[in-house]
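> Please find the sequence and the predicted model below.
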Amino acid sequence: MTKDYKPSPPRSEKKGNPFLSGLLVGLLLGVGASVGLTIYLKGDSSPFLDKGTKQNTVAEKSGKRKVSEETIKPNSPDDKTLQDPNKFDFYTILPDTESKVTEQEVKNATTIKKDSYFLQVGAFENEDDADNMKAKLALQGFEAVVQSAEIPGKGVWHRVRVGPLSDVEQINKVRGDLTLNGFNADLIKVHTEATTN
């Protein structure tokens, strides 16, 4: 039998490192899982939409909700025995804050009414919680103030507000920025009067 004296070509070894390919697959799976979790937690259809589209979807979601007639129940005599948790006592507070003004003071004084608007981000019983919210807003680039108010029967509450704001466009821009950063804000109108003699 004849023997082949030609040297055979060396066997090709697998090129590539199994560690690197496993690392790449793991990285891709991790990124996919984190994007999926973000979409699930935020409730958005896609995190890749532009801001204009995202604001429209928020406006559509917060549209008016219909209330069925079954959920509205007329008051019955049995309901009078239950205490209403939303009992308002401003009927007794407001008359106590009235002050009498003489006609001479009215003639001499000129009042300028100026309305200021604030976006209230939160109200806390604990002042440290209010300061923490103010710090979170500052990290996002918002200038907030903490206003303390004595509420009869409930104690001192610390309100975290962004403002004062005077222009509707400015209010809408700041409110939209707050919403995009995950803060819910309520619009508060504050009446201020400046008297000049």
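Sure, I can see it.

> Q120 contacts N184, doesn't it?
No: using Cβ atoms under 8 Å as the test, Q120 is too far from N184 to be in contact (9.6 Å). No exception for glycine: its C-beta is placed from N, CA and C like everyone else's.

> Next, the distance between the ends of stretch 145-163.
8 Å (Cα to Cα, to the nearest Å).

> Just the buried residues of it, please?
Neighbour-count burial for stretch 145-163 flags W157, H158, R159, V160, R161, V162, G163 (criterion: 16 or more other Cβ atoms under 10 Å).

> which residues does the third one contact?
By Cβ atoms under 8 Å, 6 or more residues apart in numbering, the contact list for R159 reads Q120, G122, A123, A130, V146, Q147, S148, A149.

> In terms of helices and strands, where is F19?
In the assignment (DSSP states H and E), F19 maps to helix 18-42.

> From D128, how far off is the residue lying closest to E127 once chain neighbours are set aside?
Residue nearest to E127 in three dimensions, not counting chain neighbours: H158, with 5.1 Å by Cβ to Cβ, 6 or more residues apart in numbering. Per Cβ to Cβ, to the nearest Å, H158 is found 9 Å from D128.

> which residues of the chain score low on pLDDT?
By pLDDT under 70, the low-scoring segments of the chain are 1, 12-16, 44-115, 191-197.

> go with 50
64, 68, 80-81, 197 (pLDDT under 50).
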